[in-house]
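1. Need coordinates for the following:
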Amino acid sequence: MTLVSVVVPVYFNADSLRSLVFRLQKVATCIPEVDFEFVFVDDGSGDESFSILREQILADGRIKAVRLSRNFGNNAAVLAGLTYASGHCLVTMSADLQDPPELIPDMIARWQQGFEIVVAARQGRQDPFPTKAFSFIFNRLFKKLVFPQFPPGGFDFVLMDRRVAKLLVEISEKNSYLSGQLMWLGFKTDVLHFDRLRREGGKSRWTLGKKIKYFIDAFTAFSYLPIRLTSLIGILLAVLGFGYAALIIWRRLTYAIQVPGFASLIVVVLVLCGTQLFVAGMLGEYLWRVLEETRRRPPFVVASTHNLDWHESASPGADRRRGEASAATAGAASFRQKENSDGGKPRSGDV
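-> Next comes the predicted model:
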């Protein structure tokens, strides 16, 4: 029977977890011919989220939990969930109920039709104005400058075939954009649209600083445009500088300038110095990300797993992880390759 894994990163979501689990269970009841597992990844939450997850595990054996040693960020939490999930296809969604779980049956149906990636793209959202404005700017720029096929409303809610998830984990970039990576992989993709709901409870931890880092990560990971822009700025300023220098020399020779000006000199110095610092900062963003990748640090560290021991012996990384459940490092090398008897995605008749 087909197994579908639902991967949910959790970070200060105590207010919505019980409702989310209830709605996921209702979705699973609606598709009795499909087995489900729900893999929750606690990304260093400081509230009651993990206690609630342990409580839910006792009530439903399909629920599994991974606890990271600290907050590594949403991308790392999703990768951790994909690493430990066992499904023939995997769904990733947020824990705040802004992504409706009721879309999952439709996404599964499209996967069974042959699509390897099914994107639930936002066509509207009930978010505060600053969030909507940032999202609008980011998604339009990413679509215009990086991937023309990128949904204009963006997406986080997505279903992917197991081999797509395996490749995503193997990429294992620490400062990247998972939605961009899915577009980059280039598999057969279908898009369904929905209106993102208002957050039901709790406070969003999506701060301005995280948004800015997210923005920079996405563009530096998939586009050389920022570096190209710095070169263009340098060329433009050089041309303007030579032109201004020629003007000053001509005016000095014709005695149009009686006394050398202080203001113009300060303006030129400030503009040039500011531009140089901007260019150096842009280069630094790229160099820092290169340094992060060369350090070979894992994208996340697992502190403990719950209700996942059954698959450890079948995992390629089991020997390395055995006895390290309290502080295990999980990465691309630990991705389990659970195969079907037919060696691939189940046939539509198996569902």
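
2. count of neighbours near the residue nearest to Phe147 when sequence neighbours are not counted?
-> Among residues not flanking Phe147 along the chain, Met183 sits closest, at 4.5 Å (C-beta to C-beta, 6 or more residues apart in numbering). Glycine gets a C-beta too; all of them are placed from N, C-alpha and C. The local packing of Met183 (other C-beta atoms under 10 Å) involves 23 other residues.

3. Hmm, Ile216 is touching Glu285, no?
-> Yes - using C-beta atoms under 8 Å, Ile216 makes contact with Glu285 at a distance of 5.8 Å.

4. Just the pLDDT for the residue nearest to Phe147.
-> Met183 carries a pLDDT score of 84 in this model.

5. you'd agree it is up against Pro151?
-> No - checked against C-beta under 8 Å, the pair Met183 and Pro151 is beyond contact range at 9.4 Å.

6. quick one: Arg122 and Gly274, what's the gap?
-> Distance, Arg122 to Gly274, by C-beta to C-beta, to the nearest Å: 37 Å.

7. repeat for Tyr11
-> For Tyr11, the distance to Gly274 - C-beta to C-beta - is 37 Å.

8. try Glu48
-> In terms of C-beta to C-beta, Glu48 sits 48 Å off from Gly274.

9. Please identify which of those two sits among more neighbours.
-> Taking other C-beta under 10 Å, Glu48 and Gly274 do not tie; Glu48 has more neighbours (14 against 10).

10. So for that one, what's the pLDDT?
-> pLDDT, Glu48: 89.

11. can you check Arg322 too?
-> 36.

12. ok, now Val10?
-> 93.

13. Begin at 811, not 1, for the rest of this chat.
-> Got it, first residue is 811 now, which makes that one Val820.

14. Now for it: which residues touch it?
-> By C-beta atoms under 8 Å, 6 or more residues apart in numbering, Val820 lies in contact with 827, 850-853, 855, 859-860, 863, 887, 905.

15. Tell me the one of the residues you listed nearest Gly1019?
-> Gly1019 lies nearest to Asp853 out of the contacts of Val820, by C-beta to C-beta, at 16.5 Å.

16. How about the closest one, nearest residue that isn't a chain neighbour?
-> Asp853 sits nearest to Ala887 (C-beta to C-beta, 6+ apart), 4.0 Å away.

17. residue ranges of the strands in the protein, please?
-> 813-820, 845-852, 873-878, 899-902, 927-935, 967-971, 999-1006, 1110-1116, 1138-1140 (DSSP state E).

18. Leu951 is nearest to which of the ones you listed?
-> Using C-beta to C-beta, the nearest of the strands of the chain to Leu951 is strand 927-935, at 16.0 Å.

19. Please pull out the lowest mean pLDDT helix or strand from the protein.
-> helix 1128-1131 (a mean of 34; mean pLDDT, DSSP states H and E).

20. how about the helices in this protein?
-> Counting by DSSP state H, the chain has helices at residues 827-840, 859-869, 884-894, 914-922, 939-955, 972-981, 988-995, 1018-1032, 1035-1063, 1073-1104, 1128-1131.
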